[in-house]
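A.B. asks: Predicted structure and sequence below. I'll ask about it afterward.
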Amino acid sequence: MAYVVRATWTAREGAEDVVRAALAELAPPSRAEAGNQLYVAYADRAQPRIFHLFEVYDDEGAYRAHTESEHFARLALGTAIPVLDSRERAFFETLDL
């Protein structure tokens with residue numbers, strides 16, 4: 001079974017471009033991480049302040065490694081998250097039947 005993360009980030013008004021740029025830069029090194037199966041960031045055209053992330057990892061340890069990476073610290077924790085109004089995350093496991 002894989003470990004799945006679904007997140008919704010809502011940028012503060014006027015900070016949409018900061019969040020969009022941080023996610024665009026964060027995605028490639030996140031996809032290259034050992035244990036990452038899928039990393040997709042996308043925006044809501046009707047609500048430009050809202051961004052979604054869908055991530056799939058081999059296991060919870062791979063996700064934890066992602067959150068401890070230099071690029072996550074710099075781009076998520078240091079750049080995007082400080083300009084968010086809200087950050088929601090939900091965690092799941094795939095059903096490999």
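C.D. replies: Noted; the coordinates are in hand. Quick caveat, the model's predicted, so the values are computed rather than measured.
A.B. asks: same for the lengthiest helix in the chain, what does it pack against?
C.D. replies: As assigned by DSSP state H, the longest helix anywhere in the chain is helix 16-31. Applying 3 or more C-beta pairs under 8 Å, 6 or more residues apart in numbering; DSSP states H and E, we find helix 16-31 packed against strand 3-11, strand 36-44, strand 47-57, helix 70-71. Every C-beta, even on glycine, is put in place using the N, C-alpha and C of the backbone.
A.B. asks: Dump these into CSV; add mean pLDDT and mean neighbour count as well.
C.D. replies: Formatted as CSV, the helices and strands packed on helix 16-31 follow (pLDDT from 0 to 100; neighbours: other C-beta atoms under 10 Å):
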stretch, mean pLDDT, mean neighbour count
strand 3-11, 98, 18
strand 36-44, 96, 15
strand 47-57, 97, 18
helix 70-71, 98, 12
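A.B. asks: and of these, who's closest to D85?
C.D. replies: strand 3-11 (4.7 Å; C-beta to C-beta).
A.B. asks: can you give me the angle the closest one makes with strand 36-44?
C.D. replies: 30 degrees (axes from the mean of the first three to the mean of the last three C-alpha atoms, to 10 degrees).
A.B. asks: Quickly run through the sheet partners of strand 3-11, with directions.
C.D. replies: Partners of strand 3-11 in the sheet, by DSSP bridges, are strand 47-57 (antiparallel), strand 84-93 (antiparallel).
A.B. asks: want to throw those strands into a markdown table with distance to A34?
C.D. replies: Below are the strands paired with strand 3-11 laid out as a markdown table (distance: least, C-beta to C-beta, whole Å):
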| stretch | distance to A34 |
| --- | --- |
| strand 47-57 | 10 |
| strand 84-93 | 19 |
